[in-house]
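[1] turn this into a model:
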Amino acid sequence: MFKDAIRDVVEGTDGGLAGVLMDLEGIAVESYAKSEAFDINAIGAEYSVILKSIQRATESLEAGGAREIAIQSEKVTTLIRVLNGEYFLALTLSPDGNYGKGRYLMRTAAPKLLEQLS
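    Down below sits the predicted model:
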């Protein structure tokens, strides 16, 4: 059930490579990757540490909790959508991927994932 939602986000995004539903401790609930060679779980685990730091910073600035983060590197772009205080959805896409479509699909998948998590 989680895998279908994640697959829809990855496959529906031009340039989508992989996606993961993960808790803030870096433990994957479910993931999907177009290629076996792509380790989205490792990416998610590493970025969960950064996500916690960003959330602490936004709270200390009284800006509220972080909702969405984009990390662009030379080889991939990773979008992170915070679902609640425990889980996030991450999508990794190629540098020329459709960032806007990925954001949209993550936003529309979020309520379905949250419903399944409860």
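[2] for the longest helix that the chain contains, which helices and strands make contact with it?
    In the chain, taking DSSP state H as the definition, the longest helix is helix 40-60. Packing partners of helix 40-60 (3 or more C-beta pairs under 8 Å, 6 or more residues apart in numbering; DSSP states H and E): strand 16-23, strand 28-33, strand 68-72, strand 77-82, strand 87-93. In short, each C-beta sits where N, CA and C put it, glycine included.
[3] Gln55 is nearest to which of the ones you listed?
    Nearest to Gln55 among these is strand 77-82; the distance by C-beta to C-beta comes to 7.7 Å.
[4] could you dump the longest helix of the chain to PDB, C-alpha only?
    Extracted C-alpha coordinates of helix 40-60, given in PDB (Å, rounded to 0.1, in the frame of the first residue of the first chain):
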ATOM      1  CA  ILE A  40      17.300   5.600  -1.500                       C
ATOM      2  CA  ASN A  41      17.300   4.200   2.000                       C
ATOM      3  CA  ALA A  42      20.800   5.500   2.600                       C
ATOM      4  CA  ILE A  43      20.000   8.900   1.200                       C
ATOM      5  CA  GLY A  44      16.900   9.100   3.400                       C
ATOM      6  CA  ALA A  45      18.800   8.000   6.500                       C
ATOM      7  CA  GLU A  46      21.500  10.600   6.000                       C
ATOM      8  CA  TYR A  47      19.000  13.400   5.200                       C
ATOM      9  CA  SER A  48      16.900  12.500   8.300                       C
ATOM     10  CA  VAL A  49      19.800  13.900  10.400                       C
ATOM     11  CA  ILE A  50      19.800  17.100   8.500                       C
ATOM     12  CA  LEU A  51      16.000  17.300   8.600                       C
ATOM     13  CA  LYS A  52      16.000  17.200  12.400                       C
ATOM     14  CA  SER A  53      18.500  20.000  12.500                       C
ATOM     15  CA  ILE A  54      16.500  22.100  10.200                       C
ATOM     16  CA  GLN A  55      13.400  21.500  12.200                       C
ATOM     17  CA  ARG A  56      15.200  22.600  15.400                       C
ATOM     18  CA  ALA A  57      16.400  25.700  13.700                       C
ATOM     19  CA  THR A  58      12.900  26.700  12.300                       C
ATOM     20  CA  GLU A  59      11.400  26.200  15.700                       C
ATOM     21  CA  SER A  60      14.100  28.200  17.500                       C
END
